[in-house]
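J.: Coordinates for the following, if possible.
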Amino acid sequence: MDELEALALALEVEKAEMKFYLDLARRTRDEKARKMFLFLAREEADHWEQFEERFLERVAEECRLPAVSEELLGKLLVNAGNVESEVDAVKIGMEQEKLTWEFYERAAEEAKHEPIRRLFEELARIEKGHYELLKAQYDAVMKTGIWMDYQDFSLEVD
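T.: Okay, here's the model as predicted:
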């Protein structure tokens, strides 16, 4: 897969993740869980914008618009199915974030242009941070039944 195809795929993944977290925020009953899901949705929207900028630059340079492989996209999106609880949602979110960060790491390794490589590396680290946030949340709920307060630690990339 070339850079332009990877960027197109990343746009679709980020859009799907944003929709997933917005849907969870809308359906959840726990206010702290809702805040966390809204935070993650905003993060994914920001990632989408960053990928869109690089994508449009590459489209203009190459004068082509790649098709997104539905097969590859299907492999990068966890089937959310019927999410029965906030805990189920967190587990699904963890699976999704892991798939995404691993894809971004592979895309960074294959990128030919430095700005695109750096973008994939940066967003891989951020997606891994999302995974860690969700894992911490899962651990907190499973051990205590209490949701952590909204963003107890920074997800900023050094």
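J.: in the one helix or strand A140 maps to, what counts as buried?
T.: Following DSSP states H and E, one finds A140 within helix 114-144. Across helix 114-144, burial judged by 16 or more other CB atoms under 10 Å covers 116-117, 119-121, 123-131, 133-135, 137-138, 140-141. (Each C-beta comes from the backbone N, C-alpha and C, glycine too.)
J.: How about stretch 16-36?
T.: 16-18, 20-22, 24-25, 28, 32-36.
J.: Helices along the chain, start to end?
T.: 3-27, 31-62, 70-76, 86-110, 114-144 (DSSP state H).
J.: Tell me how far A16 lies from L133.
T.: Distance from A16 to L133, counting by CB to CB, to the nearest Å: 19 Å.
J.: before we move on, back to that, let's have the helices of the chain in JSON lines, adding mean pLDDT.
T.: Shown next, in JSON lines, are the helices of the chain (pLDDT from 0 to 100):
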{"stretch": "helix 3-27", "mean pLDDT": "95"}
{"stretch": "helix 31-62", "mean pLDDT": "95"}
{"stretch": "helix 70-76", "mean pLDDT": "94"}
{"stretch": "helix 86-110", "mean pLDDT": "95"}
{"stretch": "helix 114-144", "mean pLDDT": "93"}
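J.: relative to helix 3-27, how tilted is the helix holding A140?
T.: Angle of helix 114-144 versus helix 3-27, following axes from the mean of the first three to the mean of the last three CA atoms, to 10 degrees, is 30 degrees.
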